[in-house]
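A.B. asks: test case, fold it:
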Amino acid sequence: MKRKAQGAIEYLFMIAAALVIILIVVRQLRNKGSSAKQTASEAEQQINSTLQSLLSSG
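C.D. replies: Residues are numbered from 1 along each chain as shown. Presented below is the predicted three-dimensional model:
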């Protein structure tokens, strides 16, 4: 009986470790996504201001 309990506990620890790794990966991907969105937004604003200045001077 003791061996079955040890196997079950090891199995649960492996599932817990896999879930922790998955959560870390998801968190990192979300951070990268929001960072990319912010960078794209800043680039868009810069392009718009450059185009506005070109149109107003021309």
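
A.B. asks: neighbours of Thr50, just the number please.
C.D. replies: When counting by other C-beta atoms under 10 Å, one arrives at 10 neighbours for Thr50. From N, CA and C alone the C-beta is placed, and that goes for glycine too.

A.B. asks: same question for the one 4 residues further on.
C.D. replies: Residues lying near Leu54 (other C-beta under 10 Å) number 9.

A.B. asks: how near is it to Thr39?
C.D. replies: Separation of Leu54 from Thr39 (C-beta to C-beta, to the nearest Å): 23 Å.

A.B. asks: one more: Ala16?
C.D. replies: 35 Å.

A.B. asks: show me where pLDDT drops low in this protein?
C.D. replies: Scanning the chain with the threshold set as pLDDT under 70 gives 1, 58.

A.B. asks: in which helix or strand does the residue positioned nearest the centre of it reside?
C.D. replies: Most central in the chain under C-alpha atoms, centre = their mean is Leu29, positioned 1.7 Å from the mean C-alpha point. Per DSSP states H and E: Leu29 is located in helix 2-57.

A.B. asks: chain center to that helix: distance?
C.D. replies: Centre-to-centre, helix 2-57 and its host chain are 0 Å apart (C-alpha atoms, centre = their mean, to the nearest Å).

A.B. asks: for stretch 50-58, same thing?
C.D. replies: Distance of stretch 50-58 from its chain centroid, counting by C-alpha atoms, centre = their mean, is 37 Å.

A.B. asks: output that stretch as CSV, nothing but the C-alphas.
C.D. replies: Provided in CSV are the C-alpha atoms of stretch 50-58 (Å, rounded to 0.1, in the frame of the first residue of the first chain):
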residue,chain,number,x,y,z
THR,A,50,5.3,62.9,-38.8
LEU,A,51,2.6,62.7,-41.5
GLN,A,52,0.7,65.5,-39.9
SER,A,53,3.8,67.7,-39.9
LEU,A,54,4.5,66.9,-43.5
LEU,A,55,1.0,67.6,-44.6
SER,A,56,0.8,70.9,-42.7
SER,A,57,4.2,72.1,-44.1
GLY,A,58,3.4,71.2,-47.7
